[in-house]
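1. A predicted structure for the sequence below; I have some questions about it.
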There are 2 protein chains.
Amino acid sequence: MTRPTTKDLAKAAGVSLATVDRVLNRRSGVRKVTVERVTRAIADIGFVRDMSAANLARGKEYRMVFLLPDHDDEFIDLVCDSINEANRALHSERTSAVVIRVPANDPHRIAARLDELSADGVDGVAIMTPESPQVRDAISRLDSRGIAVVAFVSNQPNADNALFVGVNNEAAGRTVGQLMARFTGAQAGVVLVLTETIQSRDSQERRLGFDVIMAKYADRLTVRPTMETYGDPQRTTRIIHTALQGREPVVGIYLMHHDIGETMRAIESEGGAGEMVIIGHELTPDTRARLIDGTLDAVITQDVGHLVRSSIRILRAKAEQVGTIASQERIRIEITLRENMPE
Amino acid sequence: MTRPTTKDLAKAAGVSLATVDRVLNRRSGVRKVTVERVTRAIADIGFVRDMSAANLARGKEYRMVFLLPDHDDEFIDLVCDSINEANRALHSERTSAVVIRVPANDPHRIAARLDELSADGVDGVAIMTPESPQVRDAISRLDSRGIAVVAFVSNQPNADNALFVGVNNEAAGRTVGQLMARFTGAQAGVVLVLTETIQSRDSQERRLGFDVIMAKYADRLTVRPTMETYGDPQRTTRIIHTALQGREPVVGIYLMHHDIGETMRAIESEGGAGEMVIIGHELTPDTRARLIDGTLDAVITQDVGHLVRSSIRILRAKAEQVGTIASQERIRIEITLRENMPE
DNA sequence: CGATATATGAGGCACGCACCTCAAAAATCA
DNA sequence: TGATTTTTGAGGTGCGTGCCTCATATATCG
C-alpha cells in the first residue's frame, strides 16, 4: 500500500540499485534493453521518484530568475512584491527567485543578459520583455543549455521553447468590450481608447478583441482610433481635452495601459469621469481606490501572485522533468468591480 | 550562504543535536531556559526546518478528508474531480485526500462520522455541510485531538477552530446585484430571485448582499421575495409560469442555487430567457454552455481547483504548524462572461 | 550532604535517493 | 580463444531530520 521505492523498482526490473540509479538519472553505460526493462518496470509498479528525497540527496537548490523591464510602474511593483513573497515560501522547497531588470527597448542588452545567465547556474528564467529576434534566439540558446524558460505576462509567440504564462489579451479585450457595451446601457455616443504606445503587442491584441465586440454595437457606440499618451502628462491632457470637446458625447473610455494614474487625473481635470464608463487593467493601489470611489467602473486583472507562483512551478517542473496540473496554471482574466474586489 | 541546519542551530544555541530535536518536536524533559535559548537561536540564525527532510525521516503521510454532502450536483462533481486531480500531484508531497459523503441534513450522522475520523489517523478534514451545533462540537473535538479542520465552501461561523475556505457570499450577492443593475441598462421592471431552499445560509447571505445593491435601484427595479424550487421541476415550472404572468415585465432573474439546469429549462419552456438578464453561480458544463449560447449573461464563480488545493495547503500547514501565503489562499469572487471564460 | 529526579549529550539507525568506487560478469572484438 | 571493452552489481557515504538508547551532568529535595 506504500509507495514503491527505488529498491522495489530494482527488484521488479531484476536489476541492481546501481542500474536503477543509472537509468533514472540518465547516466551512460547502460544497454538499451536494460533501460527498457527498467522503464517498463517503472510503469508496471507505478514508481514515482520522490523528488524531495532526490533533491535532498542532491543538495540541489533551484535558482529562478525573473527578467523584468527596468521602468517602474505599479504593476511591476506588484510583481516584485509577489516574487519576494513567493521567495519566503519557496525557501522550504529549495528554490529561490531573483529579479533582474533590463532596459525593455534594448533587445541586444536583453539577449546578452540572458546569455550570461547560463554561466550562473540558473535553472529557469521568466522573461517579461517585448518580443524580438535577439531575445527569441537567446531563449533558444537557453533552452539548448537545458535552462527552462517561460514568457511572463508578455507572450513570445515565436519562441516555441518558452511557455506563455499570462492571459490571452485578445480575450481580455473582448471582455472589456462586453462590459463597455453593457455598462453603457442604452446610451449612444463615443468610446475612447487610450494606451501609452500602440507599439506594445499587448495593446494591439486587446484592441483587436475590443473591436470584435464593439462592432456589434456600432449603431450605438462609435469607437475612436487608439490614442497614445507616450507617458507624457501634458500630451495626455491635451488629447483628452480635444476628445471631450467633440459634438457627440463620450460615454466610455478604455484604458489599455498599466499605470493609469496620470491618465485618470487628466480625465478628471478635463471634467470627465462623471457619468462615463471607464475601464482599465490591473489591480493596483491606485485602481483599487478608484474602484471604491467610483471613478473606475471595472478593472480587468490577472492575479499577479498567481502569475509568479505559476511561473516558478512551471520552471521547476521543466527543470525536474515532471508534469504540472494544467488547471492550476491557467491564468484567468478577472473582472474586478467594487463589489468583488479582494480583501 | 547555505541554509542553516539543525547542526548549525545546535552550535548556535550551545546545545546538542538531541536537545535541538527535543525542542523542535516539543518533546518533554527540557528546561524552560534551554527551550528559550534554542528558540532565540532559531530566530538569530534564521533557521527553518526542512519539512521535506523531516517528513522523509518521519515516514509521515498526510491524510486529508473532504466531507461532502451526498446529494449529487454538478458543483460537487467538480469538487470531486478537483480532489482527484490534486491527489495525483499530492502524491509526491506525501499527502493524499479522500472524499467521504454524508447526508447533508443529518447533523448527528455527520458528527458521528467526524468522530470516527480521529481513529483513522487522519490529519486534516475539510467540511462542507450546513452548520449545526452537533457539527460545531464535533469540530471542536477534532481540534482538541490535533486534527486540522477547515470549513469548505460553506462557512461554519460558530466553529472558531475551522478556518473558512470559500468566498464571502454576501459580497458575491452584491456583485450579482451590481451586474444585474448595470446589465439591465435603463430598463424598468421586476427582478426574480430563485433558490432551491431559503434554509441554506449561503442563499441567505447572497440575498442579503444582492438586496444592498438592488435597494439603490428601487426606482427602476422591483425585486421579488426569494422563490424556492425545492428541487422539484414541476413546482419550479409553476412558480416561474406565475411570475412571468405579472403585469410588470420581468427584466432579470438571479439564480442563487447550484445546478440551475432544471430551473433554466423551466424558464425557457415558459418563454423567458430571451431579453431578460439571467445570472447564476458556479461554472459547470451546463452553465458554460449557457454562457456561450447567451441564455446566461454572467456566472459568479469560485475556482473549484483553487478551493481544493487551498484547503489541502491550509490543512497541511496546520498539521505541520507552519504558515501559509495569505494571498494565495484568498478565494476570489470571479465574474465569468462568455468572453473571459477559461479554456 | 547524599540520594534522587531531571536535563543534557553522544551516538547510531532510518527515510528515499544521488553519487562514487571497485570488482565481477557479460558482450564484443581480433 | 584470449584480450579488451562495456555493462552490471555490491556496497558505502551523505543530504537534513526524526527517534531511540544509554551514559553523564546538573538541579532538587530531604
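-> All right, it came through fine. If you're wondering where the values come from, they're calculated on a predicted model, not measured in any experiment.
2. Measure how buried A:R49 is and give me the count.
-> Using other C-beta atoms under 10 Å in any protein chain shown, the number of residues around A:R49 comes to 18. In short, each C-beta sits where N, CA and C put it, glycine included.
3. From DNA strand D, how far off is the residue most central in space within chain A?
-> Centroid-nearest residue in chain A, with C-alpha atoms, centre = their mean: A:V153, separated by 2.5 Å. Taking C-beta to the nearest atom of the strand, to the nearest Å as the measure, A:V153 falls 35 Å from DNA strand D.
4. residues in contact with the residue in the stretch 201-343 of chain A positioned nearest to DNA strand D?
-> Using C-beta to the nearest atom of the strand, the single residue of the stretch 201-343 of chain A nearest to DNA strand D is A:E320, 16.1 Å away. Contact analysis of A:E320 by C-beta atoms under 8 Å, 6 or more residues apart in numbering or on different chains lists A:M51.
5. What does it show for phi and psi?
-> phi -90, psi 0 (degrees, to the nearest 10).
6. Quick check: pLDDT value at it.
-> In this model, A:E320 is scored at 87, pLDDT.
7. I'd say the residue nearest to the centre of chain A and A:S310 touch.
-> No. Using C-beta atoms under 8 Å, A:V153 is not in contact with A:S310, being 11.2 Å away.
8. anything in contact with each of these two?
-> Jointly contacting A:V153 and A:S310 under the rule C-beta under 8 Å, 6+ apart are A:V165.
9. So which bits of the stretch 201-343 of chain A are right by DNA strand D?
-> Residues of the stretch 201-343 of chain A lying close to DNA strand D (C-beta under 7 Å from any atom of the strand): none.
10. And whatever residue of the stretch 201-343 of chain A ends up closest to DNA strand C, how close does it get to B:S92?
-> Closest to DNA strand C within the stretch 201-343 of chain A is A:E320: 9.6 Å, counting by C-beta to the nearest atom of the strand. A:E320 sits 10 Å away from B:S92, taking C-beta to C-beta, to the nearest Å as the criterion.
11. what sits in contact with each of the two?
-> A:M51.
12. what's the distance between the residue in chain A sticking out farthest from the centre and B:S144?
-> In chain A, the residue that sits farthest from the middle, by C-alpha atoms, centre = their mean, is A:G14; the gap is 46.4 Å. Computed as C-beta to C-beta, the A:G14 to B:S144 distance reads 51 Å.
13. next one: A:L67
-> Distance from A:L67 to B:S144, by C-beta to C-beta: 50 Å.
14. residues from chain A in reach of DNA strand C?
-> Counting by C-beta under 7 Å from any atom of the strand, chain A sits next to DNA strand C at A:2-3, A:5-7, A:17-18, A:21, A:24-25, A:49-50, A:53-54, A:56-58.
15. so where do the helices sit in the stretch 1-150 of chain A?
-> A:6-13, A:17-24, A:32-45, A:51-58, A:74-90, A:107-117, A:133-144 (DSSP state H, counting those that start in this stretch).
16. Out of the ones you listed, which gets nearest to B:G294?
-> helix A:74-90 (33.2 Å; C-beta to C-beta).
17. Show the average pLDDT along that closest one.
-> Averaged over helix A:74-90, pLDDT sits at 91.
18. Show the pLDDT at the residue nearest to the centre of chain A.
-> Confidence score, pLDDT, at A:V153: 95.
19. For it, give its distance to DNA strand C.
-> 33 Å.
20. give me every residue that touches that residue.
-> Counting by C-beta under 8 Å, 6+ apart, A:V153 touches A:79, A:128, A:165-166, A:302, A:307.
21. can you rerun that using 7 Å?
-> A:V153 sits next to A:128, A:166, A:307 when contact means C-beta atoms under 7 Å, 6 or more residues apart in numbering or on different chains.
22. Give me the neighbour count for the last one.
-> The criterion is other C-beta under 10 Å. On that basis, A:L307 has 22 neighbouring residues.
23. The helix or strand harbouring it versus helix B:304-320: what angle between them?
-> Using DSSP states H and E, the element containing A:L307 is helix A:304-320. Angle of helix A:304-320 versus helix B:304-320, following axes from the mean of the first three to the mean of the last three C-alpha atoms, to 10 degrees, is 80 degrees.
24. ok, and what's touching the helix or strand that helix A:304-320 is followed by?
-> Downstream of helix A:304-320, the next assigned helix or strand under DSSP H and E is helix A:326-329. Helix A:326-329 has contacts (C-beta under 7 Å, 6+ apart) with A:310, A:313-314, B:85, B:305, B:309.
25. Tell me who's in contact with the closest residue to A:G209 other than its chain neighbours.
-> Ranked by C-beta to C-beta, 6 or more residues apart in numbering or on different chains and with sequence neighbours excluded, the top spatial neighbour of A:G209 is A:G173, at 2.7 Å. Residues counted as contacts of A:G173 (C-beta under 7 Å, 6+ apart) are A:205-210.
26. among those, which ones are buried?
-> A:205-207, A:209-210 (16 or more other C-beta atoms under 10 Å in any protein chain shown).
27. Dump these to a markdown table, plus pLDDT.
-> Putting the buried ones among the contacts of A:G173 into a markdown table (pLDDT from 0 to 100) gives the following:
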| residue | pLDDT |
| --- | --- |
| A:E205 | 95 |
| A:R206 | 96 |
| A:R207 | 97 |
| A:G209 | 97 |
| A:F210 | 98 |
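28. where does chain A have low pLDDT?
-> A:1, A:272-274 (pLDDT under 70).
29. make it 80
-> A:1, A:91-92, A:119-120, A:270-274, A:343 (pLDDT under 80).
30. Need the phi and psi values for A:P249.
-> phi -70, psi 140.
31. no no, A:T336
-> Dihedral angles for A:T336 - degrees, to the nearest 10 - are phi -120, psi 120.
32. That one against A:D297, yeah?
-> No. A:T336 sits out of contact with A:D297 when judged by C-beta atoms under 7 Å, with a separation of 10.5 Å.
33. now A:T95: how far from chain B?
-> According to C-beta to the nearest C-beta, to the nearest Å, A:T95 and chain B sit 12 Å apart.
34. All good on my end, thank you.
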